[in-house]
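1. Sequence and predicted structure below; questions after.
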There are 2 protein chains.
Amino acid sequence: MIEDKNADNQYTPLENIGEFGLIERIAKATARGLDTTVKGIGDDAAVIDHSDLQTVVTTDCLVENVHFDFTYTPLKHLGYKSIAVNISDLAAMGAKPTSVLVSIAASNRMSVEALEEIYSGMQLACERYNVEIVGGDTTSSLSGLMISITALGTVEKDKAIYREGAQPHELIVVTGDLGAAYAGLQVLEREKAVFKDNPHLQPDLSEYEYLLQRLLKPEARVDILPMLEDLELRPTAMLDISDGLSSELLHLCKASGLGCKIFEDKLPVDPAVFKVCEEMQLNATTAAINGGEDYELLMTLPLYAHEKIKGNPHFTVIGHMTQENDPPLLVTNTGEMLPLKAQGWNSFQ
Amino acid sequence: MIEDKNADNQYTPLENIGEFGLIERIAKATARGLDTTVKGIGDDAAVIDHSDLQTVVTTDCLVENVHFDFTYTPLKHLGYKSIAVNISDLAAMGAKPTSVLVSIAASNRMSVEALEEIYSGMQLACERYNVEIVGGDTTSSLSGLMISITALGTVEKDKAIYREGAQPHELIVVTGDLGAAYAGLQVLEREKAVFKDNPHLQPDLSEYEYLLQRLLKPEARVDILPMLEDLELRPTAMLDISDGLSSELLHLCKASGLGCKIFEDKLPVDPAVFKVCEEMQLNATTAAINGGEDYELLMTLPLYAHEKIKGNPHFTVIGHMTQENDPPLLVTNTGEMLPLKAQGWNSFQ
């Protein structure tokens, strides 16, 4: 799909325009002239003006066949997602994103058009989140594609929201719904297997649209912080759910030095997830707590927040923090108490 | 060397400690408690306090068998170099480095000890340049090792030094000497070929020590800016020489909208480079202007700087800027004028 296998096709091999040609194209296509960008692409480094705010910075790496599979990942979506997952990290710190750096290692057999398609997805995300690509690096790889993104944002002094800070009895709240990205991945893996057996079969994936969108084009919840501000609420601890609820909740408990109790029947799960789990004989709760890639926010809020978020479709109270030395627990529908385990994403296993 | 091929060796496979175990080890080994680090490794993002200074940020990617070869690259040197080359970019902006983010994609067959060796080299560089690793990402790759570094620093408002800004007739100045990293690479490639033919032959590389150090453990010229400040000099344009003098000078000319003239007999070349070039029938001038990886600084200075840097071993005037529309030229020892061409590093060719 992305390699220049066909001798007489219309694609431009990367080596034709070279690294500097590519940088020039990227710089032109992505410049947005934001106020924060003092100097963008095209020098040794970028200069960013965050005035007297603190700078928040995060980086994430996406590796072909580890984090994405070209069999079913559209290039534009890949570009969009690579930006969105970093913006999600900034949102989880309570920060406002401003700038992005993009490093790409690509095979020199990859076409310029394919890379431009990835950058066009990035550019869409930059517009959506009002950030600008201010720098990066383009280099060749001897194997697959690797995208490394660094995102910068700002936060007022002492206003960053960390993983620690949760207090006993506080509410554990998640935004949106959980498990959809995982269910989407199961659908695509199934279709990939079908396709291998019979390449002429065109799958109808329209009924899985929500799940696939959650997997392939996730959104960062930059809308949550302003919502909380309007409600005059401030999370005591927060992180984004990239590796699965269970894994993230364990981070939060460890960092805050507390235990927790969450309830299976409170987990927000979209009906489409239940449907796929039934079809494929999977456990929907497992999808919700261990699936990962949901990019929703997990936070703790003081008890009085309950009145303010009750009925708000963006927030679901799934449990509460417990005391120091208490274990992190999942209370099942049948009342069983299971210890929470980190079975989420671990790229080395 | 770095893969866990031997079933009964003493190395710990990465999968034994997993991503979070690795992050914990890295966080412990690298924490330095700098004032600028409000929040370091271990949350969704890092928080950095640059007060009312502008943030300067750069990123660079090192890919196995593209940028380094494990046959002759010690792991610790690789770690050191990966930090140093990014600090070099900040130095070239006139910025003061503060923080670093490290993303590593490694095969899960790589040992924990090998990764820790890389990080120990990074840590050495962090101490040398007084920066701190504040975040990053560790993930698996299906092929070789990939290291992506982002470095942040500060600069006073309007004090960043860009590629543009050079004026006609200004002096073109380089720090240190050129071509040594390239010569070092030729030596190592030669020894690698010898080693392949006869693995029992131990090469004596002691006479090439300077060249190898320049290639394997380059230093960023963070010492230059304070020196210039003491001399009350400020470059009108500056960049670091990573892709070769010729290529960087063309960037400077293009950005400043001017031509230039540099002189072959002025190029600062270490005697060891001449020696290797003679041994291997290479052209020392080619090594100096197209070799790359020197990580020296290339700058333009006003004419009156000449008196101030005359005899200073850190600075060499190699030529001067010319008018708009003039070509960038190399004046050879025989008086010939050759157009400068970018034959430096282009990773896609």
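-> Thanks, I have it. Residues are numbered from 1 along each chain as shown, chains lettered A, B, ... in the order given.
2. for A:S141, phi and psi?
-> Here is the backbone geometry of A:S141 (degrees, to the nearest 10): phi -120, psi 150.
3. Stretch A:318-334 and chain B, any residue contact?
-> No: applying C-beta under 8 Å from any C-beta of the partner chain, one finds stretch A:318-334 separated from chain B by no less than 14.9 Å. No exception for glycine: its C-beta is placed from N, CA and C like everyone else's.
4. who's in contact with that stretch?
-> Contact partners of stretch A:318-334, identified using C-beta atoms under 8 Å, 6 or more residues apart in numbering or on different chains, comprise A:166-174, A:246, A:249-250, A:253, A:256-268, A:285, A:289, A:300, A:337-340.
5. Which of those residues fall in helices?
-> A:246, A:249-250, A:253, A:256, A:285, A:289 (DSSP state H).
6. top of the residues you listed by neighbour count?
-> Neighbour counts for the ones in helices among the contacts of stretch A:318-334, by other C-beta atoms under 10 Å in any protein chain shown, peak at A:I289, which reaches 30 neighbours.
7. Check the spacing between that one and chain B real quick.
-> As judged by C-beta to the nearest C-beta, to the nearest Å, A:I289 and chain B stand 17 Å apart.
8. And for A:G42?
-> Relative to chain B, and taking C-beta to the nearest C-beta, A:G42 is found at 7 Å.
9. Thought A:K28 was touching that residue, still the case?
-> No: A:G42 is not in contact with A:K28 according to C-beta atoms under 8 Å; the separation is 10.2 Å.
10. For those two, indicate the residue with more neighbours.
-> Ranked by neighbour count (other C-beta under 10 Å), A:G42 and A:K28 place A:G42 first, with 20 against 9.
11. contacting residues for A:P235?
-> A:94, A:161, A:173, A:228, A:299-301.
12. again but with A:Q54, I slipped
-> A:154-157, A:160, B:38, B:47-50.
13. between the residues you listed, which has the most around it?
-> That'd be B:V47 among the contacts of A:Q54, by other C-beta under 10 Å, with 27 neighbours.
14. distance of that one from chain A?
-> When B:V47 is compared with chain A (using C-beta to the nearest C-beta), they lie 5 Å apart.
15. From what I see, that residue and B:V38 are in contact.
-> Yes: between B:V47 and B:V38 a contact is recorded at 4.0 Å, counting by C-beta under 8 Å.
16. Overlap in contacts, these two.
-> Joint contacts of B:V47 and B:V38 (C-beta under 8 Å, 6+ apart) are A:54, A:160.
17. Mind putting the ones in helices among the contacts of stretch A:318-334 into JSON lines with pLDDT?
-> Putting those into JSON lines (pLDDT from 0 to 100) gives the following:
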{"residue": "A:S246", "pLDDT": "96"}
{"residue": "A:L249", "pLDDT": "97"}
{"residue": "A:L250", "pLDDT": "96"}
{"residue": "A:C253", "pLDDT": "97"}
{"residue": "A:S256", "pLDDT": "96"}
{"residue": "A:T285", "pLDDT": "95"}
{"residue": "A:I289", "pLDDT": "95"}
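18. Looking at those, spot the one nearest A:I87.
-> Within those, the smallest distance to A:I87 is 21.9 Å, found for A:L249 (C-beta to C-beta).
19. quick one: that closest one and chain B, what's the gap?
-> Separation of A:L249 from chain B (C-beta to the nearest C-beta): 14 Å.
20. now do A:S99
-> 8 Å.
21. Which pair in the ones in helices among the contacts of stretch A:318-334 has the greatest spatial separation?
-> A:S256 and A:T285 (23.9 Å).
22. According to the record, where do the domains of chain A fall?
-> For chain A, the structural domains run A:14-155, A:171-339, going by automatic domain parsing.
23. Contact residues of the stretch 101-250 of chain A facing chain B?
-> Near chain B, when you scan the stretch 101-250 of chain A using C-beta under 8 Å from any C-beta, you find A:101, A:103-105, A:108, A:134-144, A:146, A:148, A:150-153, A:155, A:157, A:160, A:162-163, A:239-240.
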